[in-house]
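S.K.: next comes the sequence, and after it the predicted model I'd like to discuss.
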Amino acid sequence: MGVKLSADEMRYIALFDGVTGANVCDCLVDEKGNKVTFVIKPGDLGLAIGKGGSRIKKVKQMIGKSIDIVEYSDDPAEFVKNALGPTKVKGVTISEREGRKVALIEVDRSDRGLVIGRGGQNIQRAKLLALRHHDVHDISLT
């Protein structure tokens, strides 16, 4: 499944790549939540954040939006776990329901609100990323 990027997303990727040196493979812009999510290549998380968070702070200041970083993984379960970070996900199981891939995630009861996010924004972002990168159609809390 190919990822189509808007002009704004391509501009944010170029800016993020130029400031941090991290390799970006996807970008989501949430205008409603005033947030940009970058999906980066495995192993580039430290590079993207920078010493003391200096690089990520600089990008945030330049674009004027909150920033989330998700580390890509070829393993759909690991990718879903990364997309829900920094929440402590106990486990992720990928299964099929009615011919569609579904991720079942296990988290502590106290972390459920953090996983879902205000107005469902965190879980919706994770669902969109999982669909774009691994054809996972839904994420359910167990």
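M.R.: Arrived safely, thanks for sending.
S.K.: got phi/psi on the spatially closest residue to residue 89 that is not a sequence neighbour?
M.R.: Nearest residue to residue 89 in three dimensions, chain neighbours excluded: residue 81, at 4.7 Å (CB to CB, 6 or more residues apart in numbering). From N, CA and C alone the C-beta is placed, and that goes for glycine too. Taking degrees, to the nearest 10, you get phi -60, psi -40 for the backbone angles of residue 81.
S.K.: and the pLDDT for residue 53?
M.R.: On the pLDDT scale, residue 53 is placed at 93.
S.K.: ok, now which ones touch residue 115?
M.R.: Residues in contact with residue 115 (CB atoms under 8 Å, 6 or more residues apart in numbering) are 84, 87, 89, 105, 107, 122, 123, 141.
S.K.: which strand or helix spans it?
M.R.: Here residue 115 sits within helix 112-116, counting by DSSP states H and E.
S.K.: show me how far that helix is from its chain's centre.
M.R.: Offset of helix 112-116 from its chain centre (CA atoms, centre = their mean, to the nearest Å): 15 Å.
S.K.: one step back: can you put the contacts of residue 115 in JSON lines and add neighbour count and secondary structure?
M.R.: Below are the contacts of residue 115 laid out as JSON lines (neighbours: other CB atoms under 10 Å; DSSP: H, G, I helix; E, B strand; the rest coil):
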{"residue": "84", "neighbour count": "27", "secondary structure": "coil"}
{"residue": "87", "neighbour count": "20", "secondary structure": "coil"}
{"residue": "89", "neighbour count": "20", "secondary structure": "strand"}
{"residue": "105", "neighbour count": "21", "secondary structure": "strand"}
{"residue": "107", "neighbour count": "20", "secondary structure": "strand"}
{"residue": "122", "neighbour count": "20", "secondary structure": "helix"}
{"residue": "123", "neighbour count": "20", "secondary structure": "helix"}
{"residue": "141", "neighbour count": "13", "secondary structure": "strand"}
